[in-house]
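Chemist: I need the structure of the sequence given here:
(2 chains)
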Number of protein chains: 2
Amino acid sequence: MSKFAQTPEPPYYAVIFTTVKTDDLEGYAKMNARMFELAKQQKGYLGIESARGEIGLSVTYWETLEDITNWRNHAEHKLAQAEGYATWYQAFATRVCRVERDNFYEK
Amino acid sequence: MSKFAQTPEPPYYAVIFTTVKTDDLEGYAKMNARMFELAKQQKGYLGIESARGEIGLSVTYWETLEDITNWRNHAEHKLAQAEGYATWYQAFATRVCRVERDNFYEK
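Modeler: From the prediction side, this is the model:
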């Protein structure tokens, strides 16, 4: 199960972040890796699952809504968000969710 | 925004389905396409967003928890689930969530 986020018993919270990129991705990979590392260090961070196809889809998991708000307002993350708006993202959707129940299976 | 699910004002519901596949994917693509079509026909279905990398990640959106339960228990979907357990999925995680708030951006 190590490829999946190791989340506790519900309830906990998820941020579903869906993106369509522009063609101007200079600096994106480096910033994305940095935000990945920085998120891990935040209070209440539980894990991430992400994949990329026609759209990018990342789900981060958090203990509380307050943890999500704190991460959204983190100074360095704010700078990354501004660059995302200005340059990298053609469109995105952010959805903040309460995980009500979950189910895991492994062969 | 057409690459994203066209969801209404919150609250609505999301099912986050994360998968790691086996190497035995005979029949998978066809079944996946069929389930995609069948889901669209269900009451309360709002849309899907999906991408594939090291893991597969699909999020379907629904009006109510009851719609999600009905889809889980749909006879043809049950058969597909059984084949997924037996053959295609090395591991998976299913998380049922209530979307509390959302935010959209497009250039």
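Chemist: Could you tell me which strands sit next to the strand ranked longest in chain A in the sheet, and their orientation?
Modeler: Identified as the longest strand of chain A according to DSSP state E is strand A:89-106. With DSSP bridges as the test, strand A:89-106 is paired with strand A:12-21 (antiparallel), strand B:89-106 (antiparallel).
Chemist: Out of these, indicate the one that is most buried.
Modeler: Across those, the average number of neighbours (mean count of other C-beta atoms under 10 Å in any protein chain shown) peaks for strand A:12-21, which reaches a mean of 21. Quick note: C-beta positions are derived from backbone N, CA and C, even for glycine.
Chemist: From the chain's centroid, how far away is that one?
Modeler: With C-alpha atoms, centre = their mean, to the nearest Å as the basis, strand A:12-21 stands 6 Å off its chain's centre.
Chemist: Kindly report the same for stretch A:53-65.
Modeler: Distance, centroid of stretch A:53-65 to centroid of chain: 4 Å (C-alpha atoms, centre = their mean).
Chemist: Please list the residues outside that stretch that contact it.
Modeler: Outside stretch A:53-65, the residues within contact range by C-beta atoms under 8 Å, 6 or more residues apart in numbering or on different chains are A:5, A:7-8, A:12-21, A:39, A:43-51, A:68, A:71, A:96, A:99, B:3-4, B:16, B:18, B:49-52, B:57, B:59, B:100.
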